[in-house]
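Colleague: A structural model of the following input is requested.
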Amino acid sequence: MDDKRMHDYNVDERVDAFIKYAKNQAKQYGTNNIIMTMGMDFNYENANTWYKNMDKLIKYVNQRQSNGSTVNVFYSTPSCYLYSLYKSQRFWTSKTDDFFPYANDAHSYWTGYFSSRPNLKGFVRETNNFLQVCKQLDTLARLGPMDNDDVSRLKDAMGTLLHHDAITGTARQHVVNDYAMRLTEAMSECQDAVNDAYKYLMPKSETSTPPVQDFCPYLNISQCAITEDHNQFTVTVYNPLPRPVPHHVRIPVASKNMAVIGPAGEKIESQTVTVSAETRNIPGRVSKAEYEIVFPVQLPALGFQTFFLSAQSGVWRYLFPTTRISEDEMVVEGANDVEIANEHLSLVFDGQTNLLKTMTNLDSHVTQTLNQSFYWYRGSTWDNVTKQASGAYIFRPNGTQAISLGNSVTLTVLKGKLFQEVRQVFTPWLSQVVRLYKGHTWAEFEWTVGPIPISDGVGKEIITRFDSKIASNRKFYTDSNGREMLERARDYRPTWALNVTEPVAGNYYPVTSMIFIKDAGSQFTVLNDRAQGGSSIKDGSVELMVHRRLLEDDARGMAEALNETGVDGRGIVARGKHYIVLDQVATSPRVYRELAQRLYLAPWMSFTASSVSQQAWALQFKTNWSGLNEELPPNVNVLTLEQWRGNSVLLRLEHFYEKNEDPQMSQPAIVNLRSLFSPFEVVAAEEHTLAGNKVLSEASRLQWKVADERNHAPKAWTAEYDDVSSDILQVSLKPMEIRTFVLTLSDSNEIRQR
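Modeller: Next up is the predicted model:
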């Protein structure tokens, strides 16, 4: 208030307070330029009021300069602030570690949101998978503006879900419901674009139109109306990776006698299993499927294959190589150990506890004692001492020891030629299936958790934990957004002395793709299908949080407890997967890097209820098609392929190995752009900045003077750019490099109109 006639006139008071604050802030800065950030959640919502007050504050603070004040305030931007630092020409220290985990006081570690709302996190990961499929097919088919709008709808919805209160799980329940609705509606729009793409890519002649493809969003709970209600249907599987991918298709069906015909009319061996009781009892599941059929496929790079399934009866069912399996429920008391194995791995389960006991890599002859089970932490509530409850943001367990849920596990074994699996039931609300598929060098752990019981009035945080004999020496490694691996050390921070006040929560880190531990002899890696919090609380151990249900708000802005009640009001059920790799340290990267790509951009299935035979279908439609003339190098991925402006395409290529991670795969890779794609010809390529908004040759970066952290000896830093010309049709990529290109297509590759 700057009117002296008013009783609450406070200019002097506000100016004094601001100048004092500015001087205190300046003590922490290296130059005489400091940044005063304005803005906060739940504040600054009335722009007119706030800017009027800031205008006055700037005016009266700067007037003090006539009395000797050294504080000068003005509106600025981050780029202007950065440039002012650059002009100081001082030497700057560098920081190579990140800022995780964050805490705002001794008992308030913001590590809960790494795992909050696991179903939303899984939905976002799955939706991004489909978004890339949609953009690729839209581009390969050269669809027109109407389909581009469908794609943009999903891009917009995904952008919204990456808000810091969306993907984190820290929004209120009604907002989360709205997020899920927007994603679902946008996916439906993009499904229309995929159907339009198949209309152009599938037919062998312009007179043929393929049936509309249906999509099954509930395959993770073995529910798909079209495969359950029809005795004959097609499955089209699209591979968004730029190299051929072996894959196991898994589909819910009503009949156990199904035949599978491949794209070329060949008979494909399959394996049929019953849908587990735990799956059938998931709240909200509406399905006739009593079985799941599994069959192997070899998918083309950036392409699709179509398979034909039909129920067989009478003598016909003996003409197809469908594997018959056995289902033997193991006796918990006094039983022998149980082994499941393929040609690469062996998993042994203890006959007394029914828990995993050992894991062996049969190729590298690495064996580890490996116990896996589920545990829970008791969520802290508000108290008069530390005054912090566990909630959507904050992870604060009441105690340092997790409570076991693996004291009474039942076990069922299913074995066949294509895969073997162990089904474990830990509690009425927690179960797991451990699978080994033929040809896989990793094991799949599919967990189902919920509804988490709260009738005892205690909030619970559920983890899966793997305990081994690996001498990890307090160290473990987590990914940075699915790319570089960062070394972590328990109870330690690289750049300051840590006072350990929360020995569990203070050692949790975000795991968006993988976490591993290692010693001289072996490496144990866990990959996940969604972002989670994870750690190694003791040597040889890896844990990941799979679900949380808490009864008090943690006072960080959500203003409600993290208590998802689900479709039936009893509590939400979360289902997800972990993928386990055990190998030598030197050979592990090849397995987990390739697997991470296959999980992030997994094959996508669509279905048609067709009574047409494979032979008749193949006369009209392509059943095996690739969008590439040749596959990319095994260390390169297509990060982005989407239509751009006019007759151009945006292409991002990434080298997904780190420097010195693998002797061969960490070498530079070469990609020829001219003849890369089969549907169109590239006549020119222009490299852009990462965001694609500026031509790289026109970009410039500030040249900073950097002081080495170890000896503070100054060293010059310069940006490393390849020679950028206006016409690059053969490009190289170095380890971890991402390069962005706008490709100009031949005039003959016109955009199609719907």
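Colleague: the helix or strand where Ala616 lies - what's its average pLDDT?
Modeller: Using DSSP states H and E, Ala616 maps to helix 614-620. Mean pLDDT, helix 614-620: 93.
Colleague: sort out which residues of it are buried, please.
Modeller: Buried residues in helix 614-620, counted by 16 or more other Cβ atoms under 10 Å: 614, 617-618. Where C-beta positions appear, they are placed from N, C-alpha and C, glycine not excepted.
Colleague: cool, and stretch 340-352?
Modeller: 340, 342, 344-351.
Colleague: let's have the residues you listed in TSV, adding distance to Met545, pLDDT and secondary structure.
Modeller: As requested, the buried residues of stretch 340-352 are exported to TSV (distance: Cβ to Cβ, whole Å; pLDDT from 0 to 100; DSSP: H, G, I helix; E, B strand; the rest coil):
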residue	distance to Met545	pLDDT	secondary structure
Ile340	26	97	strand
Asn342	29	97	coil
His344	29	97	coil
Leu345	26	98	strand
Ser346	28	97	strand
Leu347	23	98	strand
Val348	27	97	strand
Phe349	24	97	strand
Asp350	25	96	coil
Gly351	29	94	coil
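Colleague: so in this structure, where's the weakest helix or strand by average pLDDT?
Modeller: strand 326-330 (a mean of 40; mean pLDDT, DSSP states H and E).
Colleague: run a quick neighbour tally on Thr111.
Modeller: 27 (other Cβ atoms under 10 Å).
Colleague: just the pLDDT for Asp98.
Modeller: Asp98 is given a pLDDT of 85.
Colleague: where in this structure is pLDDT low?
Modeller: Applying pLDDT under 70 to the chain flags the ranges 314-334, 708-727, 748-754.
Colleague: try 80 this time
Modeller: Applying pLDDT under 80 to the chain flags the ranges 40-44, 313-335, 384-386, 708-728, 747-754.
Colleague: what residues of the strand ranked longest in the chain count as buried?
Modeller: If you go by DSSP state E, the chain has its longest strand at strand 366-378. Using 16+ other Cβ under 10 Å as the test for burial, strand 366-378 gives 366-368, 370-378.
Colleague: just to revisit the earlier point, can you name the next helix or strand after the helix holding Ala616?
Modeller: Next along the chain after helix 614-620, taking DSSP H and E as the criterion, comes strand 624-626.
Colleague: partner strands of that next one, parallel or antiparallel?
Modeller: strand 303-311 (antiparallel) (DSSP bridges).
Colleague: tell me which stretches of the stretch 501-650 of the chain form helices.
Modeller: Secondary structure of the stretch 501-650 of the chain, counting by DSSP state H, counting those that start in this stretch: helices at 588-600, 614-620.
Colleague: what's the shortest one packed up against?
Modeller: What that stands for is helix 614-620. Judged by 3 or more Cβ pairs under 8 Å, 6 or more residues apart in numbering; DSSP states H and E, helix 614-620 is in contact with strand 303-311.
Colleague: what of the first one?
Modeller: Counting contacts by 3+ Cβ pairs under 8 Å, 6+ apart, the secondary-structure elements packed against helix 588-600 are strand 514-518, strand 523-528, strand 574-583.
Colleague: mean neighbour count and distance to Pro101 added to those, as TSV?
Modeller: Output for these, formatted as TSV (neighbours: other Cβ atoms under 10 Å; distance: least, Cβ to Cβ, whole Å):
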stretch	mean neighbour count	distance to Pro101
strand 514-518	24	14
strand 523-528	24	18
strand 574-583	23	21
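Colleague: now those strands as a markdown table including distance to Leu550?
Modeller: Formatted as a markdown table, these follow (distance: least, Cβ to Cβ, whole Å):
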| stretch | distance to Leu550 |
| --- | --- |
| strand 514-518 | 23 |
| strand 523-528 | 21 |
| strand 574-583 | 14 |
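Colleague: closest to Ala254 out of those?
Modeller: strand 574-583 (21.6 Å; Cβ to Cβ).
Colleague: need the helices of the stretch 501-650 of the chain in a markdown table (columns: distance to Lys95).
Modeller: Shown next, in a markdown table, are those (distance: least, Cβ to Cβ, whole Å):
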| stretch | distance to Lys95 |
| --- | --- |
| helix 588-600 | 25 |
| helix 614-620 | 58 |
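Colleague: just list the residues touching the nearest residue to Pro246 once chain neighbours are set aside, thanks.
Modeller: Leaving out its chain neighbours, the residue that sits closest to Pro246 by Cβ to Cβ, 6 or more residues apart in numbering is Gln298, at 5.4 Å. The contact partners of Gln298, by Cβ atoms under 8 Å, 6 or more residues apart in numbering, come to 244-247.
Colleague: will you turn the residues you listed into a markdown table that also has neighbour count, secondary structure and distance to Val413?
Modeller: What follows is these, written out as a markdown table (neighbours: other Cβ atoms under 10 Å; DSSP: H, G, I helix; E, B strand; the rest coil; distance: Cβ to Cβ, whole Å):
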| residue | neighbour count | secondary structure | distance to Val413 |
| --- | --- | --- | --- |
| Pro244 | 16 | coil | 32 |
| Val245 | 20 | strand | 29 |
| Pro246 | 13 | strand | 25 |
| His247 | 19 | strand | 24 |
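Colleague: quick one on the thing from earlier: from the buried residues of stretch 340-352, which is closest to Val682?
Modeller: His344 (39.1 Å).
Colleague: for Ser390, see how far away that closest one is.
Modeller: To Ser390, His344 is 40 Å away according to Cβ to Cβ, to the nearest Å.
Colleague: what of Lys199?
Modeller: According to Cβ to Cβ, Lys199 stands 51 Å off from Ser390.
Colleague: ok, those two, which is more surrounded?
Modeller: A side-by-side neighbour count of Lys199 and Ser390, using other Cβ under 10 Å, places Ser390 first with 28 against 18.
Colleague: would the more buried one count as being in a helix?
Modeller: No: using DSSP: H, G, I helix; E, B strand; the rest coil, the assignment for Ser390 is coil, not a helix.
Colleague: the closest residue to it other than its chain neighbours: neighbour count?
Modeller: Excluding the flanking residues, the one nearest Ser390 by Cβ to Cβ, 6+ apart is Gly379, at 3.8 Å. Using other Cβ under 10 Å, Gly379 has 26 neighbouring residues.
Colleague: how about Gly379, what does it touch?
Modeller: 389-390, 396-398, 458-461, 548, 550-552.
Colleague: neighbour-wise, give me the winner out of these.
Modeller: Arg548 (31 neighbours).
Colleague: identify the bridge partners of it.
Modeller: Per DSSP bridges, the residues bridged to Arg548 are Glu461.
Colleague: which residue ranges of the stretch 401-550 of the chain form strands?
Modeller: 403-404, 410-415, 419-427, 430-437, 443-449, 460-468, 475-479, 485-489, 509-511, 514-518, 523-528, 532-535, 541-549 (DSSP state E, counting those that start in this stretch).
Colleague: could these go into TSV alongside distance to Glu502?
Modeller: Shown next, in TSV, are these (distance: least, Cβ to Cβ, whole Å):
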stretch	distance to Glu502
strand 403-404	18
strand 410-415	35
strand 419-427	27
strand 430-437	26
strand 443-449	24
strand 460-468	13
strand 475-479	17
strand 485-489	15
strand 509-511	13
strand 514-518	19
strand 523-528	23
strand 532-535	12
strand 541-549	15
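Colleague: relative to Val73, which of those strands is closest?
Modeller: Here strand 509-511 is closest among the strands of the stretch 401-550 of the chain (Cβ to Cβ), at 36.5 Å.
Colleague: who are the packing partners of the closest one?
Modeller: Strand 509-511 packs on strand 475-479, strand 532-535, going by 3+ Cβ pairs under 8 Å, 6+ apart.
Colleague: and the last one, how far out from the chain middle?
Modeller: Same thing as strand 532-535. Between the centre of strand 532-535 and the centre of its chain there are 13 Å (Cα atoms, centre = their mean, to the nearest Å).
Colleague: show me the contact partners of that strand.
Modeller: 111-112, 114-115, 118, 121, 395, 476, 478, 488, 490, 504, 507-511, 515, 526, 542-546.
Colleague: follow-up on the earlier one: nearest to Tyr75, of the helices of the stretch 501-650 of the chain?
Modeller: Tyr75 lies closest to helix 588-600 among the helices of the stretch 501-650 of the chain, at 41.2 Å (Cβ to Cβ).
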